[in-house]
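Participant: below is the sequence, then the predicted model.
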Amino acid sequence: MTAGLAVRGGGAGQLTGTNPLFRLALRRDRIMLPVWVLVLTLMVVSGGSSIEQLYDTPAARAEVAASMSANSSLRSMYGPVFGDSIGGLVAWRFGVFAATLSAVMSLIIVIRHTREEEETGRQELLSSAMVGRRAPLTSALSTALVANALVTLFITGGLAAQGGTGALALGLAVGATGMLFATMAAIVAQLTESARLAKGMTDGVLGLAFLLRAAGDSGVNDGSSVLTWLSPIGWAENMRPYAGERWWVLLLFVAAIAAQAAAAYTLAGRRDIGMGFLPARPGPAEGRLATAGGLAWRLQRGTLLGWTAGFAVAGVVFGGMAEGAADLVGDNEQAKEIFARMGGQEGMTQAFLATMVGMLGMMAALYVVASILRLHGEETSQRAEPLLANRLGRLRWAAGHLVTAFGGVVAIMLVGGLGLAVGYGDEFGAVLGAALVQVPAIWLLGGLAVLLYGALPKAAPAAWGVVGACLLIGWIGPALDLPRSVMNLSPFGHLPKLPGTEMQWAPVLLLTATAVALTGAGLAALRRRDLLT
């Protein structure tokens with residue numbers, strides 16, 4: 001103990017133990033990290049083949065690029081179109097979202113291996129040995145660097161056939177965005193005492209960055225808006241892969257990453273383990289927190305409100321794009337077939353609305369899994385044990401979080417459907433009903449998360465992999481014309497394509513019943529097993 005503290009006291013000794021911690025982080029993330037890298041890579045690389053099939057002539061690509069660039073709603077979602085080559089359209093269609101998802105991946109990795117480790121007490125045990133003060137932060141950033149380097153490498157290799165220079169620029173734009181937010185998360189992890197608050201703050205910064213870029217791009221079609229340049233995601237798009245690459249933009253990323261990393265290391269050396277620079281605010285001990293449900297609501301209300309606001313904005317934007325869907329696709333029969341597979345056969349506008357409703361549903365699945373796995377976080381951090389040591393039963397404790405999770409999904413989809421209807425300006429009832437029809441499929445994935453948590457708590461994070469697979473199937477499956485048997489692996493593949501087709505109650509009721517059964521089985525397993533220590 002004394003020797004360990006002496007080593008941590010200064011200089012290079014503050015990095016002692018980095019290599020073992022780095023290997024431990026890679027081992028702990030041996031499932032999560034490959035899934036993230038695979039999903040990100042496939043999302044971008046598969047876009048090349050799908051766009052090549054959709055727009056197989058230079059004239060067709062030039063026409064669609066001009067149409068998309070002229071639509072302010074599309075620019076706010078995807079950014080401006082800088083080039084009409086296959087690679088340029090891939091960069092337009094997937095660049096912004098790949099950069100955003102890379103940021104999310106990096107935020108999760110860094111906070112998981114810094115603030116969460118301290119909050120659970122594991123870092124204090126490790127630091128009692130020969131572990132330097134800044135070693136945990138270094139291992140977390142190294143893990144994020146490996147993940148983003150792999151994403152950069154695979155995107156570059158996967159799109160090299162479309163042009164190696166443009167592929168490298170796109171890969172670096174995505175990976176650099178991830179590392180910028182990784183170092184930003186490293187700073188936030190030093191400021192707060194709560195992993196939940198750290199995640200909320202970093203998610204808020206990422207959401208603001210996306211909104212700034214969207215607002216800037218909606219006003220101009222060349223990425224030159226001041227608002228766009230205020231956002232790191234805007235920097236990524238302004239590298240302009242496949243459209244006269246701007247390599248100097250990388251200097252902005254390098255400078256920001258270096259400055260944020262220096263700030264994080266400075267803060268890490270000036271605080272005690274488990275402490276933060278922002279004081280924790282104690283909550284009330286009575287009133288709404290007198291029940292397990294009140295506590296669960298207090299813990300999760302910020303996340304729910306954030307998701308609800310995001311879905312409201314996304315719904316309005318998607319709805320505003322619906323009227324122009326037919327013009328964007330034009331006479332391209334392959335594009336019409338893809339929209340038909342995604343959204344049904346009842347005209348382009350209806351198919352587009354059904355597609356957007358499905359996208360909102362798949363995104364909402366991320367919320368329900370995150371909310372349910374909050375139970376796992378409360379248990380592993382040993383905050384659940386004092387509650388359950390009293391008269392509070394496990395089912396009552398879990399029910400508070402499950403009501404917030406499953407009920408929150410209904411609220412999120414309701415608000416998203418209202419936003420979609422408002423943006424579209426017509427068929428309020430049909431669009432709102434289509435949004436709510438997605439709920440049983442989301443509940444099923446939530447029920448699976450409950451089962452994993454209750455029966456196999458150490459495997460509970462695998463629920464993220466299931467949701468990621470469903471997103472991948474729903475996102476690229478129609479473009480690649482995957483077999484129906486593959487599409488049906490996702491619960492969303494069984495839902496009726498509303499609006500525009502007749503309601504089918506049988507699959508909706510079956511999905512609901514399955515969700516109830518999975519949730520019940522998970523709660524039954526939770527009652528019988530020991531708590532994690």
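Facilitator: Received, thanks. Numbers count the residues shown, from 1 in each chain.
Participant: once you drop chain neighbours, what's closest to residue 134?
Facilitator: Nearest non-adjacent residue to residue 134, counting by Cβ to Cβ, 6 or more residues apart in numbering: residue 14, 4.5 Å away. For every residue, glycine as well, the C-beta is placed using N, CA and C.
Participant: count of neighbours near the one you found?
Facilitator: When counting by other Cβ atoms under 10 Å, one arrives at 21 neighbours for residue 14.
Participant: and what of the one 5 residues further on?
Facilitator: The criterion is other Cβ under 10 Å. On that basis, residue 19 has 13 neighbouring residues.
Participant: so how far is residue 403 from residue 444?
Facilitator: 17 Å (Cβ to Cβ, to the nearest Å).
Participant: neighbour-wise, which of those two wins?
Facilitator: residue 444 (27 against 15).
Participant: per-residue pLDDT, the more buried one?
Facilitator: pLDDT, residue 444: 95.
Participant: thought it was touching residue 514?
Facilitator: Yes - using Cβ atoms under 8 Å, residue 444 is in contact with residue 514, at 5.4 Å.
Participant: and the residue nearest to residue 134, what does it touch?
Facilitator: 8, 132-135, 269 (Cβ atoms under 8 Å, 6 or more residues apart in numbering).
Participant: widest-spaced pair of the residues you listed?
Facilitator: The most widely separated members of the contacts of residue 14 are 135 and 269, with 11.5 Å between them, by Cβ to Cβ.
Participant: the two: who's more crowded?
Facilitator: Between residue 135 and residue 269, counted using other Cβ under 10 Å, residue 135 has the larger neighbour count: 25 against 15.
Participant: doesn't residue 16 make contact with the more buried one?
Facilitator: Yes - Residue 135 is in contact with residue 16 according to Cβ under 8 Å; the separation is 6.2 Å.
Participant: now the strands for the stretch 301-450 of the chain?
Facilitator: For the stretch 301-450 of the chain, no strands are identified by DSSP state E, counting those that start in this stretch.
Participant: low-confidence stretches in it?
Facilitator: For the stretch 301-450 of the chain, applying pLDDT under 70 flags the ranges 323-348.
Participant: 80 instead, please
Facilitator: Applying pLDDT under 80 to the stretch 301-450 of the chain picks out residues 317-318, 320-352, 380-391, 426-427.
Participant: what helix or strand is residue 193 on?
Facilitator: Taking DSSP states H and E as the definition, one finds residue 193 inside no helix or strand.
Participant: in this structure, where's the longest helix?
Facilitator: Ranked by residue count under DSSP state H, the longest helix found in the chain is helix 348-380.
Participant: in space, what's closest to residue 519 - neighbours in sequence excluded?
Facilitator: In space, residue 519 comes closest to residue 447 once its chain neighbours are excluded; the distance is 4.3 Å by Cβ to Cβ, 6+ apart.
Participant: what kind of secondary structure is the nearest residue in space to residue 226 that is not next to it in sequence in?
Facilitator: Using Cβ to Cβ, 6+ apart and skipping the chain neighbours, the partner closest in space to residue 226 is residue 216 (6.9 Å). Look at residue 216: counting by DSSP: H, G, I helix; E, B strand; the rest coil, its state is helix.
Participant: wait, residue 216 sits on residue 227?
Facilitator: Yes - the pair residue 216 / residue 227 is scored as a contact, 3.3 Å apart, by Cβ under 8 Å.
Participant: what sits in contact with each of these two?
Facilitator: residue 234.
Participant: more crowded one of the two?
Facilitator: Taking other Cβ under 10 Å, residue 216 and residue 227 do not tie; residue 216 has more neighbours (23 against 17).
Participant: what's the closest non-adjacent residue to residue 417?
Facilitator: residue 435 (2.8 Å).
Participant: how near is the residue nearest to residue 226 to residue 210?
Facilitator: 11 Å.
Participant: cool, and residue 496?
Facilitator: Note on residue 496: its distance to residue 210, by Cβ to Cβ, is 31 Å.
Participant: repeat that for residue 201.
Facilitator: For residue 201, the distance to residue 210 equals 15 Å [Cβ to Cβ].
Participant: in which helix or strand does residue 498 reside?
Facilitator: Following DSSP H and E, one finds residue 498 outside all helices and strands.
Participant: now it: closest residue in space that isn't a chain neighbour?
Facilitator: Residue 498's closest residue in space is residue 434 (Cβ to Cβ, 6+ apart), at 3.7 Å.
Participant: contacting residues for the one you found?
Facilitator: Counting by Cβ under 8 Å, 6+ apart, residue 434 has contacts 353-354, 357, 417, 498-499.
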